[in-house]
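Novice: predicted model and sequence below, questions to follow.
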Amino acid sequence: MKDSKQILLAYIDCSFKQDIYYGLAVMLLEHVSDIQNYNINKVAQLCYVSTSTLSRFCRKLGFEDYNEFKHGFDQKYPLINYTNDFLQQSTDDILTVAKDRLEDIHALIDSQLANLDISRLDRILERIYESQTILFLGHQLLQFYGSYLQQNLLRYHKLSYSFYQDADQIQFINRMSPRSLVIILSVDGSYHIKHAEIITLLTKKKVTTVVITQNPSTPLINYCTDSLVIKGTNKNDIGKYGMLFLIDLMMLRYKLLYPGLDNL
């Protein structure tokens, strides 16, 4: 199911002009707790627009209609990656928790480095080097990691793409050829659950896909052309630090493998 709240946030963050749709997005976010209880007429009234304008905006965001948009507000993300002990200790003694967390991150990165498959990493970097069209995908924070990769690759004269909105991603994928490359960043390997429509489209288009994950059992490995499984734990949500470390390592390795590229 698409997350309407995240899609609206991405819309206002990426809008270059504050038109009627921008104002509508802001109004919807201001009434985020009410949307599930109201029909399209009530929401349109709250936002001072017509029902037809609201419907068009829902379709613009990639939803079939208002009802699908409304159901997208059901998405909830409890702190499932944090243990009860961790949450309690965070309340009682935040400095001790911070020090313990730092030790856990160090241990995670040590484990990653000790078990890193360099040959597989190099193969993925070669795919990046040889591909003309590259798209990075991830859920929420991991999509920003994709943008971080995008910015770093441009320093080596490699253009790639990273869109925050599902609708833009789907539109772009529809124009991709099988020789294009899509890299999915998913620490826990659950990207296919949250973005089933995109996975279905990638499979249909037969686009070359790579998943980078901590989860060796994720079905994404079967969906994708290639994969890189990084060793480590995501206990208390520390996997995101390991993924960011890997991305920095990838860029250092890319520069080493392809030294003729000027650094912008």
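Specialist: Now that the structure is in, tell me what you want to look at. Numbering: from 1, shown residues only.

Novice: hang on, Ser227 in a strand?
Specialist: Yes: secondary structure of Ser227 (DSSP: H, G, I helix; E, B strand; the rest coil): part of a strand.

Novice: all further residue positions should be reported with the first residue as 550.
Specialist: Sure thing, new numbering starts at 550, so read that last one as Ser776.

Novice: from Ser604, how far out is it?
Specialist: According to CB to CB, to the nearest Å, Ser776 and Ser604 sit 40 Å apart. (Glycine included, C-beta is placed from N, CA and C.)

Novice: go ahead and confirm Tyr772 touches Thr752.
Specialist: Yes: contact criterion CB atoms under 8 Å: Tyr772 and Thr752 qualify, at 6.4 Å.

Novice: comparing these two, which residue is more hemmed in?
Specialist: Neighbours per residue (other CB atoms under 10 Å) separate Tyr772 from Thr752, with Tyr772 holding more: 17 against 12.

Novice: which non-adjacent residue is nearest that one?
Specialist: Leaving out its chain neighbours, the residue that sits closest to Tyr772 by CB to CB, 6 or more residues apart in numbering is Ile748, at 5.9 Å.

Novice: what comes up buried for the helix or strand encompassing that neighbour?
Specialist: Under the assignment given by DSSP states H and E, the secondary-structure element containing Ile748 is helix 745-754. By neighbour count on 16 or more other CB atoms under 10 Å, the buried set for helix 745-754 is Ile747, Ile748, Leu750, Leu751, Lys754.

Novice: that helix: how far from the chain's middle?
Specialist: Chain-centre distance of helix 745-754: 16 Å, with CA atoms, centre = their mean, to the nearest Å.

Novice: Ser776 and Ser604: which is more packed in?
Specialist: Neighbours per residue (other CB under 10 Å) separate Ser776 from Ser604, with Ser776 holding more: 20 against 17.

Novice: which of the residues in stretch 675-687 are buried?
Specialist: Buried-residue list, stretch 675-687, by 16+ other CB under 10 Å: Arg676, Ile677, Ser680, Thr682, Ile683, Leu684, Phe685, Leu686, Gly687.

Novice: how much space separates the third one from Ser696?
Specialist: Looking back up the chat, that one is Ser680. Per CB to CB, Ser680 is found 18 Å from Ser696.

Novice: what does the fourth one give?
Specialist: When distances are taken as CB to CB, Thr682 and Ser696 turn out to be 16 Å apart.

Novice: model confidence for the nearest residue to Ile722 once chain neighbours are set aside, exactly?
Specialist: Sequence neighbours aside, Leu750 is the residue nearest to Ile722 in space, at 5.4 Å (criterion: CB to CB, 6+ apart). The score at Leu750 is 95. That number is its pLDDT.

Novice: spit out the contact partners of Leu750.
Specialist: Each residue near Leu750 by CB atoms under 8 Å, 6 or more residues apart in numbering is listed here: Ile719, Ile722, Asn723.

Novice: sticking with the first one, tell me its helix or strand.
Specialist: Meaning Ile719. helix 715-722.

Novice: distance to Ser711 added to the buried residues of helix 745-754, as JSON lines?
Specialist: Putting the buried residues of helix 745-754 into JSON lines (distance: CB to CB, whole Å) gives the following:
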{"residue": "Ile747", "distance to Ser711": "13"}
{"residue": "Ile748", "distance to Ser711": "17"}
{"residue": "Leu750", "distance to Ser711": "17"}
{"residue": "Leu751", "distance to Ser711": "15"}
{"residue": "Lys754", "distance to Ser711": "18"}
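
Novice: residue contacts, Arg728?
Specialist: With CB under 8 Å, 6+ apart, Arg728 has these contacts: Ser680, Gln681, Thr682, Thr757.
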